[in-house]
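In: structure for the following, please:
(2 chains)
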Amino acid sequence: MSNRGGKRENAGRPRGQGKYGEPTVTVRIPQSQGVTVKSFLDAYQRKRTESDLETVNMDDIFTPVINEQPIRLPLFSTKVAAGFPSPADDYVEKRLDISEFMIDHAASTFFVTIKGESMIDVGLLPGDKVVVDRSKTPSIGDIVLAVVDREFTIKILDQGANKMPRLMPANSSGVYRPIYICPDTQFEIFGVVIGSFRRFK
Amino acid sequence: MDTNNRSIALIDVNNFYVSCERVFNPQLEDRPVVVLSNNDGCAVARSNEVKALGVKMGQPWFQLKDLARKHGIIAYSSNYTLYADMSNRVMSILAMFSPNQEIYSIDECFLDLTGFRTRNLTLYGQLIRQRIKQWTGLPVCVGIGATKTLSKLANHLAKKQPQFNGVCDLSSMTSFQQEEWFERIEIGELWGIGRKLAPKLNAMNIFTVSDLKQASIPSMRSRFSVVMEKMIRELNGTPCIELEEVSPAKKEIVSSRSFGIKVTDLASLEEAVSLYTRHAAEKLRRQNSYAGAITVFINTSRFNKPEENYANAFRVSLSPQTASTIVLTKAAIWGLRKIYRRRYQYQKAGVMLSGLVDAQTRQTDLFGLSPISKKTEVMSVIDTINVRIGRGTIRLASEGITKNWLMRRSNKSQNYTTDWEELICVTK
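Out: Numbering: from 1, shown residues only, chains lettered A, B, ... in the order given. Below you'll find the predicted structure:
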């Protein structure tokens, strides 16, 4: 009998030496279920290693968990060794996150609900939420959340003829008057309004 | 100048709880404000105006009511949700100023600034102070020294002595200047010297920080402990207490509260104990530990007459160690029934989990229970749901529904930063 070609006895990794510690088989599964199956297998593997401590590397056991933060995995990037890999896999980036769009510095950002109508001409309607960032340095023309004589107000920061700040409403009905800041006014800018959002349903 | 080569900063927020309330309510500026403990019992934070009226830390609110009426003191119930959120903001901003940070408490943190000494550290401290104030609205003080003990001391000076403008760097002073300050600080103000230790030291003619700094280390060590030796060495500029950047897993977990009303019946106590057990078990699972025992305790008010007083505790061993709310609750209620006595008015109940081990060192049952049991999986599913939908969405029925005994928090501010329905509203 020829000993060329075909299967060679004892070639390759011995059966049962892989990461699951037992023989494995190849299976076709629906692509949509890839993530589920993969996480099931990970859990299965963890369960095996935890129930069989002797096979675990001692370094793994005593590594302290530092700074446990949620890990965001790109969606659809997990491949299962079956079927044809998605041609788009290399182009996956991340899911869009509205917070990322609206917020620059989470530590200095506060949300505020608009109740009045003084700013409707710049699109701030009653019920809207605005994003206030305290880390921004306010400039003339910015919409700001200010504290005037111990009360919150949202207005456009402007400068009067006397170089003193003044706070301008944005409502063409003329019901709201500008607020002029005098030297004896208690005045502080809480933060700069950098955005707003609302839901319709 | 210091010969030592480290620079540690201690940053803390002035009157933290009161300052948090002021950020969101400008009406409180310049007015006397206190924040009361759970059940509106004692003053746990005081504005400077209240301190000036002589109100002491921990003073019971009922003693203060007359003073409050006279001076218009505004009292808030504690809003720990708000304070925790503001604390996280402060700590994350401080982390920008050094790679080595130890969060010491809700309003204090150590930073290792050794690598920044090419700069003027006093100016760096002012930058930190200015940044926290602008980004969060909270006032902080910064103390800098060669050791943690010295940085605490520097922080004390930064807070009490206006000429420092909120930032005190001891290591920039000559040893003569340092000595002048140390002679003026009473020993009781030093970090680690409690109310009990100060009189003992006074009896040995140690009245000021300077006296302790010059004390003989061997004799102080034999008289007190190695902790005292470390304190003296730290005062002399030798670091003995390391920065703990990763907080070690807790050895014990306690969850207890005072009740809003006096509780006499077993059913209400069982509800309360179930709730506290759930809170403790959630904490336990968050640090991936298992408990070897649960202790349940109940007591009446310590202001009662002696014949109306009762306090007891019962410890239940758990084998195998567990992290299951169901098992822990069963054990806690079993223990509670052993110590419950009728006719007493209970003021407080609680549970303590002890004998904590992590998943790897957990002993398996002699009869071969698998380390990952169904219960573990059920618990992790419940935790996930509760994190996603809200704390307490899934809980055991033994907690009850009405919870008449819940804490009294009559004047709590809104959750301005964590609840969409409770944001600041601007009408103008």
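
In: residue 168: neighbour count?
Out: No chain specified, so I'll use chain A. With neighbours defined by other Cβ atoms under 10 Å in any protein chain shown, the count for residue A:168 comes to 18. Any C-beta I mention is one placed from the backbone N, CA and C, and that applies to glycine too.

In: chain B was what I was after
Out: Residue B:168 - counted by other Cβ under 10 Å - has 27 other residues nearby.

In: for it, helix, strand, or coil?
Out: Assigned with DSSP: H, G, I helix; E, B strand; the rest coil, residue B:168 falls in the strand class.

In: that one and residue B:150 touch, don't they?
Out: No - assessed by Cβ atoms under 8 Å, residue B:168 is found out of contact with residue B:150, at 10.3 Å.

In: what do the two both touch?
Out: Here residue B:168 and residue B:150 share no contacting residue, scored by Cβ atoms under 8 Å, 6 or more residues apart in numbering or on different chains.

In: in chain A, what residue lies closest to chain B?
Out: In chain A, no residue comes nearer to chain B than residue A:108, which is 3.7 Å away by Cβ to the nearest Cβ.

In: next one: the lowest-mean-pLDDT helix or strand in chain B, is it in contact with chain A?
Out: The helix or strand of chain B with the poorest confidence is helix B:374-389; it has a mean of 73 (mean pLDDT, DSSP states H and E). No - Helix B:374-389 is not in contact with chain A by Cβ under 8 Å from any Cβ of the partner chain; minimum separation 9.2 Å.

In: which helices and strands does that helix pack with?
Out: Helix B:374-389 sits against helix B:266-286, helix B:325-339, with contacts defined as 3 or more Cβ pairs under 8 Å, 6 or more residues apart in numbering or on different chains; DSSP states H and E.

In: please identify which of these is closest to chain A.
Out: Among those, helix B:266-286 sits nearest to chain A (Cβ to the nearest Cβ), with 8.6 Å.

In: just checking: what are the partner strands of the helix or strand following that closest one?
Out: Note on helix B:266-286: by DSSP states H and E, the next helix or strand toward the C-terminus is strand B:289-300. According to DSSP bridges, strand B:289-300 forms sheet pairs with strand B:311-322 (antiparallel), strand B:346-354 (antiparallel), strand B:357-358 (antiparallel).

In: out of these, nearest to residue A:177?
Out: strand B:346-354 (55.5 Å; Cβ to Cβ).

In: list the buried residues of whichever helix or strand comes after the least confident helix or strand of chain B.
Out: Next helix or strand after helix B:374-389 toward the C-terminus (DSSP H and E): strand B:424-426. The neighbour-count check on strand B:424-426 (16 or more other Cβ atoms under 10 Å in any protein chain shown) flags B:424, B:426 as buried.

In: for strand B:424-426, which outside residues touch it?
Out: Residues contacting strand B:424-426 (Cβ under 8 Å, 6+ apart): A:110, A:112, A:113, A:114, A:115, A:116, A:145, A:152, A:153, A:154, B:24, B:416.

In: average model confidence for the top strand by length along chain A?
Out: In chain A, taking DSSP state E as the definition, the longest strand is strand A:187-197. The average pLDDT within strand A:187-197 is 96.

In: hmm, who's touching that strand?
Out: Counting by Cβ under 8 Å, 6+ apart, A:98, A:102, A:104, A:108, A:110, A:114, A:123-124, A:128-134, A:136-138, A:142-149, A:152, A:154, A:157, A:165, A:181, B:26, B:137 sit against strand A:187-197.

In: select from these every entry located in strands.
Out: Reading strands off those with DSSP E, I get A:110, A:114, A:129-133, A:143-148, A:152, A:154, A:157, A:165.

In: of all residues in chain A, which one is nearest the centre?
Out: residue A:97 (5.1 Å; Cα atoms, centre = their mean).

In: residue of the stretch 1-150 of chain B nearest chain A, please.
Out: Counting by Cβ to the nearest Cβ, the stretch 1-150 of chain B gets nearest to chain A through residue B:135 (3.7 Å).

In: was I right to think that residue contacts residue A:108?
Out: Yes - assessed by Cβ under 8 Å, residue B:135 is found in contact with residue A:108 at 3.7 Å.

In: name the residues contacting each of these two.
Out: With Cβ under 8 Å, 6+ apart, residue B:135 and residue A:108 have common neighbours A:134, A:135, B:89, B:93.

In: tell me the secondary structure for the third one?
Out: Secondary structure of residue B:89, reduced to three states by three-state DSSP: helix.

In: so what's it closest to, chain neighbours aside?
Out: Excluding its sequence neighbours, the residue lying closest to residue B:89 (Cβ to Cβ, 6 or more residues apart in numbering or on different chains) is residue A:107, at 4.3 Å.

In: ok, now which ones touch the one you found?
Out: A:135, B:88, B:89, B:90, B:92, B:93, B:135, B:136.

In: mind putting those residues in JSON lines, distance to residue B:109 included?
Out: Converted to JSON lines, the contacts of residue A:107 look like this (distance: Cβ to Cβ, whole Å):
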{"residue": "A:135", "distance to residue B:109": "19"}
{"residue": "B:88", "distance to residue B:109": "12"}
{"residue": "B:89", "distance to residue B:109": "12"}
{"residue": "B:90", "distance to residue B:109": "8"}
{"residue": "B:92", "distance to residue B:109": "11"}
{"residue": "B:93", "distance to residue B:109": "10"}
{"residue": "B:135", "distance to residue B:109": "15"}
{"residue": "B:136", "distance to residue B:109": "14"}
